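Asker: Sharing a model that was predicted from the sequence below.
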Amino acid sequence: MRAIGAVIGLQVQTASLKTGEKPWRVYDPSPLRAMGRLRLTPDGIVGIAEDGSEHVDVHHFQHRQTKHETGREASFGFSSHYAKMRSRYGERIVTGCAGENVLVETDRVWRLEDFAPGLAFESAATGDLAPLDAVIVAEPCVEFSRFSLGDAQAPPPEVKPVLQFLGEGTRGYCFTPRRESTLSPGDRLVLLD
């Protein structure tokens, strides 16, 4: 087992981050809420705030306006990928603004093929492992690409290179939790042997 990095942030999307009608939909990160812990389930994520209140992520099967899609129940991203995005698109790209549920501190760029041995979250408190199933690239969308550019009306020729830059995992990864577990800051994302 090899550590990728420590969990430095947890959040849920309380509603869709895309608003309006196509083709003029816009990306708005304001429904993101920081959480003290996350309950990972095969149906999606439930955030647990510092006051103990629970907040169902919009990708959870039971959210009242669910955007549930098999294989996209949960997501993670890396601090190093945000540094890469910020170097190109500026300070508007704050860590977590792309909407991942779990933010992991690491100093290198990771690609999907790096995860071939398998991934799990390791509890800092108990050492228990929570395996991740069906890890896939979180494909970037037009709306987040326009947000990155700072132009909600950017035309397709300006958006295409942004989509390409954010692809291959730069924007983050989606996964399905194999079983129910709780994730806290300080837990680690690890590569399995």
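Answerer: Thanks, I have the structure now.
Asker: where along the chain do the strands fall?
Answerer: Assigned by DSSP state E, the chain shows strands spanning 2-13, 18-19, 26-27, 32-34, 37-41, 44-48, 54-56, 74-78, 102-105, 119-122, 129-137, 173-177, 181-183, 188-191.
Asker: OK, contacts around the most centrally placed residue in the chain?
Answerer: Nearest to the mean C-alpha position of the chain, by C-alpha atoms, centre = their mean, lies E100 at 1.8 Å. By C-beta atoms under 8 Å, 6 or more residues apart in numbering, the contact set of E100 is Q11, S75, F76, G77, A138, G172. Every residue, glycine included, has its C-beta placed from N, CA and C.
Asker: how about those residues in a markdown table, adding pLDDT and neighbour count?
Answerer: Below are the contacts of E100 laid out as a markdown table (pLDDT from 0 to 100; neighbours: other C-beta atoms under 10 Å):
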| residue | pLDDT | neighbour count |
| --- | --- | --- |
| Q11 | 98 | 23 |
| S75 | 96 | 24 |
| F76 | 98 | 23 |
| G77 | 98 | 26 |
| A138 | 96 | 22 |
| G172 | 97 | 23 |
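Asker: which two in those are spaced the farthest apart?
Answerer: The most widely separated members of the contacts of E100, counting by C-beta to C-beta, are Q11 and A138 (14.2 Å).
Asker: Tell me how far G150 lies from V142.
Answerer: 14 Å (C-beta to C-beta, to the nearest Å).
Asker: Equivalent analysis for S123, please.
Answerer: 38 Å.
Asker: How about H60?
Answerer: H60 sits 24 Å away from V142, taking C-beta to C-beta as the criterion.
Asker: And these two? Which one has more around it.
Answerer: Between H60 and V142, counted using other C-beta atoms under 10 Å, H60 has the larger neighbour count: 23 against 18.
Asker: Apart from its chain neighbours, what residue comes closest to that one?
Answerer: Leaving aside its sequence neighbours, H60 sits nearest to G44 (C-beta to C-beta, 6 or more residues apart in numbering; 2.9 Å).
Asker: can you list the weak-confidence ranges in the chain?
Answerer: Residues of the chain that meet the criterion pLDDT under 70 lie in 68.
Asker: quick one, what contacts the closest residue to the residue nearest to the centre of the chain other than its chain neighbours?
Answerer: The spatially closest residue to E100, leaving aside those adjacent along the chain, is G77, at 3.7 Å (C-beta to C-beta, 6+ apart). Neighbouring residues of G77 by C-beta under 8 Å, 6+ apart: G96, A98, E100, V102, L103, V104, A138, R171, G172, Y173.
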